[in-house]
Structure formats: C-alpha cells, structure tokens
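A.B. asks: Turn this into a structure:
(4 chains)
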Protein chains: 2
Amino acid sequence: MAKDDKGEGQTGGIQSLDAALRLLGAMMEHRGPVSLSELARECRMPPSKVHRYLASFQRAGLVEQAGRSGKYDLGPGAVTLGLSALARHDFVNRASDALPDLCTESGLTALLSVWGNQGATVIRWERAASPTVTSMGLGTTLPLLNSATGRAFLAWAPQAPLQAIRAAEIRGARKNPAIAPDLAPTERDLEKLVGTIRAQGYASVEGKFIPGLVAIAAPILDWQGEAQAVVTLIGTDPGVVQPGSEAVARLVAFCKELSFAPMTLADAK
Amino acid sequence: MAKDDKGEGQTGGIQSLDAALRLLGAMMEHRGPVSLSELARECRMPPSKVHRYLASFQRAGLVEQAGRSGKYDLGPGAVTLGLSALARHDFVNRASDALPDLCTESGLTALLSVWGNQGATVIRWERAASPTVTSMGLGTTLPLLNSATGRAFLAWAPQAPLQAIRAAEIRGARKNPAIAPDLAPTERDLEKLVGTIRAQGYASVEGKFIPGLVAIAAPILDWQGEAQAVVTLIGTDPGVVQPGSEAVARLVAFCKELSFAPMTLADAK
DNA sequence: AGATTGTTTTCCATATTATGCAATGCTTTT
DNA sequence: AAAAGCATTGCATAATATGGAAAACAATCT
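C.D. replies: Numbers count the residues shown, from 1 in each chain, chains lettered A, B, ... in the order given. Now for the predicted structure:
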C-alpha cells in the first residue's frame, strides 16, 4: 500500500488500532446507523477492511447491526464504556446516589444530565409518583434554549463547546420560531438570559419543552466554577418555579452540596 | 509467537483489535486509574504491547494519564462515545420497528406500551392475522393489576413512582371488586405476585381484562434495569401463557434482544 | 420475468505491521 | 547508595493485516 508519507511524528502505537478508532469516530459523527460502504468511503478504506474491523467491534458489543437493514450503529457496549468512564468522576456517583432522595423529598421527577453528544444528555433519572410524562428516557438530548436543563448548561457550562452549538441553535430557532416563541435569541437577549439565570442561581422553564410541565435546573460546579452536570426537577405545579419555593430551595441546596467547595483553612491538618 | 490455542472459532476480525478491546474491558472493570504493568499482568500481555496500545487509545482520547502518577484511566473520549451511543438507544423506536416481525412470527397480536398518564399506555400495536380482537386502540390505558402489561410494569418499573399508583389502584380495586375479582390486593399478595413474575421472566393473564383472551408481557430494560417499555402478546389459546410455549420464548427473546446488554469482554483464554 | 447496479462478505498471496525480548532511562523503596 | 519496580524505546523476526478479486446477496430498472 506504499505508505510514502512519513509525516507522522507520532510516537509508538498500533496503526491498525488507529484505523479502528478513526472508524469509531466516523460512526460517532453519524447520528444514526451507517452502511458499511458509506463508512468505507468516508474513511478512505477498502470495504473489506471496514468489514473486518466492524466484526471485532461487534464481538465486543461496541457496535451492532441495526435490525435487518444491515446498517451498523454504536451498540450497548459503547454505553457501558461511556458510563464507566463517567463514573470515574465522583460527582456523578454522588449525585446518582442522592437523586432518589431528592425525588422523594421534593415529590418531583429528578433528572441528572451531563453535557455531551452536542447536547444535554440525561444519564440518570428518578420518576416522581405524581403523574408526569414519560417518553423522556435515558439518553434523551434536551434542547439548549427551551429546557431548564439546557439553560443551566448555557449559563454555567464551559464556553468553548457551547459557543458553536449555541450559534447553531439560534439559527434554528430563528428559522423555526415555534420552538422559541417568546424568546428573541439575539446575542444580547442571550446574555441577559444567562445573567438572570446566574443571578438567581437556577434556570427555569414553564411548558416550553413539554406543554403543561414546569422545570427548574441547577448546576453541579467543579473547581473552575463550570457546570459538570445539571440536576433538574420536573413537575406540573407552576408554583415550583417561583424563587422562594421549597423545590427551588431543595434543588439549590442539593447542587451546592455536590458542587466543589474550596478547602477551608480550618481543614488544614 | 506460538499461539497454541486454536479455540478461536470466530469469523474474520482483527486480532490486534480484539486484544485492544480486551484491554479496554480490563480498564473498565477497574473503578479508577490503573498502572500499565497491572494491566499487562491482568491481560497476560507484555508491557511493551500494552504501552503501544495505550498510546493509540490516548491519541484518540479514549484513555488518559492521570496526573503525573503515570496511571492510565478512561478519558473524555470514552464519555463522548458512550453518550453518543446512549442517544441512539431509543428503545421505543427500535421496538416499534421490530413489532411487526414479532406479530407475524408468533401469529398473535402484539402491543407496545410505555408508562405514562398513571398507567400503562399503548403506543403501538400490530394486529394478528386471526381476527380475535378487539376494541383496544392506541392510547388505551391498561389497568395495573389485571392486565399482563400492567403487571410487567409493576414488576420491573421504577419503584418510587409505582408505590403510590399501586396503592391508589389497590384502593380502587377494593372499592370495585369487579376489576380484580380473584385477587386480594394486599401488600403481601402484591409482593408475592411481583416475585413470581420476575422469577419467570414475564407476566401473564387469562381472561381478566377481556374475557376469553390471554396475554403475556415482558419488559424492555434499560441499563438501570428498569422497564422502559413493555411488549405484550395477546391471543385466545390458553396454551400461549404456559411457561414453555413458543410464544413465551419468542416474546422473551424479543425483549432481551432490545434490552440493554453490557459490553462483553472476550476472555479467550 | 431477466438484467443491472450496488451492496456486504469471503478468500488468498504478499509484505506490511505487530510482536516479544532485551536494553535503557526514570522514579521509588530498602 | 544500592536495589527494585516501572515506563519506554529499538530491533529482527514472523505473524498478521492488507487490498484486490470474486462470490453471495439484495434492490432497482427494462
């Protein structure tokens, strides 16, 4: 195959693994199932090569073949791997463990989300007894502007990844005003919205994402003051979004508890 | 290198990739960072090999070196990958697509339900060729105790939300014994019922909700082990509810196929 | 129908690429 | 200081991945 280019200054590694991971990356960029030949074209690999790699991935459960369409997609093993990686960050574990308590104490449905996959992704949720909705499962990607969760990320998440997404969603919202009817998503309005959210310490939304529902969301902050995750409470009573409400108090306390707290001098040993 | 084991019956694939994925699997099992040599020992690989593989993984962001301790850990790329995969696993859609197959193969009417609106709600159904049923349309809310579907949710759905609903329905059933004529819905009986259902892997009902009809139901589980949806088969022949029946086998296999399955780590010894 | 195009999958000879070992730095322990 | 453990790099060998061709399979058009 005449690999003439020696431009690779990379230190040791496995070339076949690099190719395999390039393949995985390509699969990730697609939102859904991809055909083998399409992958081959994108990665500039012969189909036979792609086929063999996919066979190995498939054995490990990282990819799977969707139905009988023959197309390939990321599989459950990838989820396991990702959640395992996520679990290394202890705030995820602590928040997951405490989520049921928050749910029962508040009587509301509680969600734990992290930023990933170009959106706020729900990784854990605890349903309340009261009649809320379903169809909001794990892995749901919440909209940035019209969900309390998304807004909390907008206000507290790392800038870099959000800038682009934000811009994209603003364009989308402008084209489709039904998505954000009462929000004129100019840069100025966004700044104002973010300012308001940060000032009051939590984000809220009434019936935007799902009519009839209200939600409040607060961030779990790391040592840099950026949102590592967002906790959301969903209910039906409009009262819960009010600044003084018990639900707000509980939510904010919960997140503060889990957020990074600078060491006090008294702790010095 | 004298690979004596010919135990590999596996079809085509990349051996080095298999080794790499075995490595990833080993890293997954550790809760935190691992040293290179430790990995090498566990996977029975020479350290140099492990080092080269890790270099490739690191370049892709799948693993990273924790601080300057030199230990390796799963990295942000793994999280991204997992979240991307998580978003694709829309159980409801996948089940919807596959439902017609289940229907034709089993010759029975198939139902797909999710939890919502204080009950098991039918969101998709596929009628069997034989003209049995029924007046059951989309959006029908099935009773919790007297339908196979409801019972499956009872057995596998998240505890917290169901406790209340369950209690409410018990009260209702007591007031209206026609709904649950042969079931004394005490807490003890409920526990026993749930235990039986979980033990046999599916819920069944004979002629309770609709006289003359029998039904079996099994859950589609997410990675939390909770029922995201329930698939139900309805027929007239009492034989289908028997544990060994073909219908039961098909149903359970169907749900298992759609349920979340963790990553398999190939331990070819 | 049959023909045609586009897939996915298997086979095989070749040499590219991964391999294990040994040697080298590098850090931590005795 | 010496020793032990670990991470990293070089090297010759052969084991392994490679691309092309062709077989199996599916879908679309004439």
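A.B. asks: I'd like the next helix or strand past the worst-scoring helix or strand of chain A on mean pLDDT.
C.D. replies: The helix or strand of chain A with the poorest confidence is helix A:159-175; it has a mean of 67 (mean pLDDT, DSSP states H and E). Next along the chain after helix A:159-175, taking DSSP states H and E as the criterion, comes helix A:187-200.
A.B. asks: buried sites along that following helix?
C.D. replies: Of the residues in helix A:187-200, A:L190, A:L193, A:I197 count as buried by neighbour count, 16 or more other Cβ atoms under 10 Å in any protein chain shown. Where you see a C-beta, it was placed from the backbone N, CA and C, and this is true even at glycine.
A.B. asks: With stretch A:39-50 instead?
C.D. replies: By neighbour count with 16+ other Cβ under 10 Å, stretch A:39-50 contains the buried residues A:L39, A:A40, A:E42, A:C43, A:M45, A:K49, A:V50.
A.B. asks: what angle separates the helix or strand A:L154 falls within from helix A:187-200?
C.D. replies: Here A:L154 sits within helix A:148-156, counting by DSSP H and E. Following axes from the mean of the first three to the mean of the last three Cα atoms, to 10 degrees, one obtains 100 degrees for the angle between helix A:148-156 and helix A:187-200.
A.B. asks: Which residues are in contact with the residue of chain A at minimum distance from chain B?
C.D. replies: Of all residues in chain A, A:G82 sits closest to chain B, at 0.9 Å by Cβ to the nearest Cβ. Counting by Cβ atoms under 8 Å, 6 or more residues apart in numbering or on different chains, A:G82 touches B:A78, B:V79, B:T80, B:L81, B:G82, B:L83, B:S84, B:A85, B:L86.
A.B. asks: Tell me the one of the residues you listed nearest DNA strand D?
C.D. replies: Lowest distance from DNA strand D to the contacts of A:G82 (Cβ to the nearest atom of the strand) belongs to B:A78, with 18.5 Å.
A.B. asks: A:G75 is in contact with A:P33, correct?
C.D. replies: No - contact between A:P33 and A:G75 fails when scored by Cβ atoms under 8 Å: they sit 11.0 Å apart.
A.B. asks: So between these two, which is more surrounded?
C.D. replies: A:G75 (24 against 19; other Cβ atoms under 10 Å in any protein chain shown).
A.B. asks: What does the pLDDT read for that one?
C.D. replies: Among the per-residue scores, A:G75 shows a pLDDT of 90.
A.B. asks: residues in contact with it?
C.D. replies: A:F57, A:Q58, A:G61, A:L62, A:V63, A:E64, B:A85.
A.B. asks: one more time with 7 Å, if that's ok
C.D. replies: A:G61, A:L62, A:V63, A:E64, B:A85 (Cβ atoms under 7 Å, 6 or more residues apart in numbering or on different chains).
A.B. asks: quick one: which of these is nearest to B:A20?
C.D. replies: A:L62 (10.9 Å; Cβ to Cβ).
A.B. asks: Name the nearest residue to the closest one, ignoring sequence neighbours.
C.D. replies: Once flanking residues are discounted, A:L62 sits nearest to A:G77: 4.5 Å by Cβ to Cβ, 6 or more residues apart in numbering or on different chains.
A.B. asks: Would you quantify the distance from that neighbour to A:S113?
C.D. replies: 22 Å (Cβ to Cβ, to the nearest Å).
A.B. asks: ok, now A:G13?
C.D. replies: 34 Å.
A.B. asks: same question, A:E105
C.D. replies: Taking Cβ to Cβ, one finds A:E105 at 20 Å from A:S113.
A.B. asks: More neighbours: the two, which one.
C.D. replies: For A:E105 versus A:S113, neighbours defined as other Cβ under 10 Å are more numerous around A:S113 (27 against 13).
A.B. asks: which secondary structure elements does the helix or strand containing that one contact?
C.D. replies: Secondary structure from DSSP H and E places A:S113 in strand A:109-116. For strand A:109-116, the packing partners by 3 or more Cβ pairs under 7 Å, 6 or more residues apart in numbering or on different chains; DSSP states H and E come out as helix A:90-106, strand A:119-126, helix A:148-156, strand A:227-235, helix B:76-88.
A.B. asks: Verify the stated contact: A:G116 with B:L83.
C.D. replies: Yes - A:G116 lies in contact with B:L83 (Cβ atoms under 7 Å); the separation is 3.6 Å.
A.B. asks: The two: who's more crowded?
C.D. replies: B:L83 (28 against 22).
A.B. asks: Poorly predicted segments of the stretch 51-200 of chain A, please.
C.D. replies: Along the stretch 51-200 of chain A, the parts satisfying pLDDT under 70 run over A:67-68, A:129-136, A:160-161, A:164, A:166, A:171-186.
A.B. asks: Can you pull the residues of it lying near DNA strand D?
C.D. replies: A:R52, A:Y53 (Cβ under 7 Å from any atom of the strand).
A.B. asks: Stretch A:59-78 near DNA strand C at all?
C.D. replies: Yes - using Cβ under 7 Å from any atom of the strand, a contact is recorded between stretch A:59-78 and DNA strand C, made by A:Q65, A:G70, A:K71.
A.B. asks: Got a ChimeraX select line for the buried ones in those residues?
C.D. replies: To isolate the buried members of these in ChimeraX, using 16+ other Cβ under 10 Å:
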select /A:71
